[in-house]
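Colleague: sequence? don't have it. structure:
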Ligand code: IMP
Ligand code: MG
């Protein structure tokens, strides 16, 4: 694995993002809505830098299956959300790749009566967007490589790394081979 962003660089990015968010908070109550599971580390670090009465909730989204590194069919679960009427919502996800996850979630949150919905992502992969919407706040632009750590996983693993690393092709292939060997007993 090759380190792309150290934990110090990530911390500086979160600090920058929290200042941008705090600077644009209005009079309405704010609810931060994290996207499980990739945003857990980011949400934990971000909310501790926000001021004022902030609420936190979670939704779940998944577009990957097993050892694939390209998105499949999008699945959403929003049943943990409270009533959003009158709230300013900040949707927080780990990465903006094709953008389909964020686009679908923003639609859902608006349909649920939120007064204003903005979006924040830690990372945006260059040259991958397939939608016209843009996140309101972006921590870092990264090249089109598969990254893990700081909440992001490959086949369910590596979310716990305190830094962001690029998973090399050999490592992806090795994980797939191990997974197949396990599946075939
Ligand atoms: P999108 O709908 O294509 O924008 O995909 C967003 C989701 O795909 C993110 O929330 C991540 O869970 C996942 N994803 C995209 N790229 C990566 C990556 O490089 N590493 C790990 N997960 C990724
Ligand atoms: Mg995710």
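Modeller: Done, it's in. Model, not experiment: these values are computed from the prediction. Ligands and ions are numbered 1, 2, ... in the order given.

Colleague: Provide a list of residues in contact with residue 90.
Modeller: 21, 30-33, 118-120 (Cβ atoms under 8 Å, 6 or more residues apart in numbering). The C-beta positions use only the backbone N, C-alpha and C, and glycine is treated the same way.

Colleague: can you do 10 Å?
Modeller: Residues near residue 90 by Cβ atoms under 10 Å, 6 or more residues apart in numbering: 21, 24-25, 30-34, 43, 46-47, 50, 54, 56, 116-120, 136-137.

Colleague: What secondary structure category should be reported for it?
Modeller: Per DSSP: H, G, I helix; E, B strand; the rest coil, the local secondary structure of residue 90 is strand.

Colleague: Show me what it is bridged to.
Modeller: When bridges are taken as DSSP bridges, the partners of residue 90 come out as residue 32, residue 118.

Colleague: now residue 164: how far from residue 72?
Modeller: Using Cβ to Cβ, to the nearest Å, residue 164 is found at 23 Å from residue 72.

Colleague: same thing with residue 58?
Modeller: Taking Cβ to Cβ, one finds residue 58 at 22 Å from residue 72.

Colleague: One more: residue 41?
Modeller: Here the criterion is Cβ to Cβ. By it, residue 41 lies 24 Å from residue 72.

Colleague: neighbour-wise, which of the two wins?
Modeller: Taking neighbours as other Cβ atoms under 10 Å, residue 41 and residue 72 compare with residue 41 leading, 22 against 11.

Colleague: pretty sure the more buried one contacts residue 152?
Modeller: Yes: with the criterion set as Cβ atoms under 10 Å, residue 41 and residue 152 qualify as a contacting pair; they are 8.9 Å apart.

Colleague: So which elements touch the helix of greatest length in the chain?
Modeller: In terms of residue count, the longest helix belonging to the chain (DSSP state H) is helix 7-23. Contact here means 3 or more Cβ pairs under 10 Å, 6 or more residues apart in numbering; DSSP states H and E; on that basis helix 7-23 packs against strand 2-5, strand 30-36, helix 40-47, strand 88-96, strand 116-125, strand 137-142, strand 164-166.
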